Every structure is written in C-alpha cells, then in structure tokens.
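**Student:** build me a structure from this.
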Amino acid sequence: MEDKKITPINKEKINCTDKFCPTHGHISIRGRSFKGKVIRKFPKRVCIEFERTIYIKKYERYSKRKTKLHARLPDCMADDINLGDYIEIRECRPISKIIHFIVIAKIHGQEGKEAVKWKE
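**Tutor:** Numbering: from 1, shown residues only. Sure thing, here's the model as predicted:
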C-alpha cells in the first residue's frame with residue numbers, strides 16, 4: 001500500500017478545531033444553497049454577491065437584482081478563499097445576527113472566471 005502524503009492544506013484540515021466547520025465541527029447544514037462571488041472577506045466570514053432575475057408583471061419584463069449574503073468562513077478554508085473567488089454556501093442555524101450560512105466549497109478562483117456560464 002502507498003503511504004498517503006499529507007499536504008499542508010490537508011494537515012490544516014485535520015487539525016481544524018472550528019466548531020462551525022461543516023466537515024470538522026458539530027453544526028448541521030440544511031436548507032438552501034447559493035453560489036456567488038466573494039466581494040468582501042473578514043477574519044471569520046465572507047460576503048458574497050449574486051444576480052437573480054425577477055419577473056415584473058406590469059411591464060411583462062424581467063429585471064436583474066443583486067443579493068448580498070454573509071457566510072461563516074471555517075478556519076480550514078480561510079487560506080484557500082480570496083476576493084473574487086466563486087464559492088458555494090449552504091444554510092444553517094443562525095450563528096449571529098447576520099450570519100445564517102456556511103461556506104461549503106470553492107468552485108473556482110478569480111482567474112477561472114470563464115469556466116462558469118452566467119445566466120443572463
């Protein structure tokens with residue numbers, strides 16, 4: 001059998017002591033999930049923004065709206081996620097006044113912007 005090498009990223013994830021981490025902590029993840037671009041990064045949270053379309057009945061047209069959501073950033077993912085990255089968040093119980101979501105995964109970085117097709 002091959003010995004599994006632990007990279008610095010994996011080693012951090014093994015030693016993660018964050019109780020709000022979805023993989024290493026004790027918090028349940030349920031409900032809605034969203035994908036969006038990181039527009040602000042704080043020590044333990046991020047703010048993402050994504051566009052949605054709303055149908056306006058009076059004008060029989062669609063309108064674009066932007067939504068901002070704050071999400072908890074687990075300690076084991078803090079180094080991997082930066083401004084401009086496209087990430088996925090999932091709903092959890094309310095952690096604080098504005099944080100009701102947790103970061104689940106990084107879909108792609110800022111340089112891979114063309115990989116995701118945006119709905120227009």
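
**Student:** please make it C-alpha for all contacts and neighbour counts, starting now.
**Tutor:** Noted.

**Student:** residue contacts, the closest residue to Asp85 other than its chain neighbours?
**Tutor:** Of all residues not flanking Asp85 in the chain, Gly109 sits nearest, at 4.4 Å (C-alpha to C-alpha, 6 or more residues apart in numbering). Applying C-alpha atoms under 8 Å, 6 or more residues apart in numbering to Gly109 gives the contacts Ile81, Asn82, Gly84, Asp85, Tyr86.

**Student:** one more: Asp85?
**Tutor:** Contacts of Asp85 by C-alpha under 8 Å, 6+ apart are Lys37, Val38, Lys106, Ile107, His108, Gly109, Gln110.

**Student:** adding distance to Cys16, pLDDT and secondary structure, write those out as JSON lines.
**Tutor:** Below are these laid out as JSON lines (distance: C-alpha to C-alpha, whole Å; pLDDT from 0 to 100; DSSP: H, G, I helix; E, B strand; the rest coil):
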{"residue": "Lys37", "distance to Cys16": "25", "pLDDT": "95", "secondary structure": "strand"}
{"residue": "Val38", "distance to Cys16": "22", "pLDDT": "95", "secondary structure": "strand"}
{"residue": "Lys106", "distance to Cys16": "18", "pLDDT": "92", "secondary structure": "strand"}
{"residue": "Ile107", "distance to Cys16": "21", "pLDDT": "91", "secondary structure": "strand"}
{"residue": "His108", "distance to Cys16": "23", "pLDDT": "86", "secondary structure": "strand"}
{"residue": "Gly109", "distance to Cys16": "23", "pLDDT": "82", "secondary structure": "coil"}
{"residue": "Gln110", "distance to Cys16": "26", "pLDDT": "76", "secondary structure": "helix"}
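
**Student:** identify, from these, the entry nearest to Ala71.
**Tutor:** Val38 (10.1 Å; C-alpha to C-alpha).
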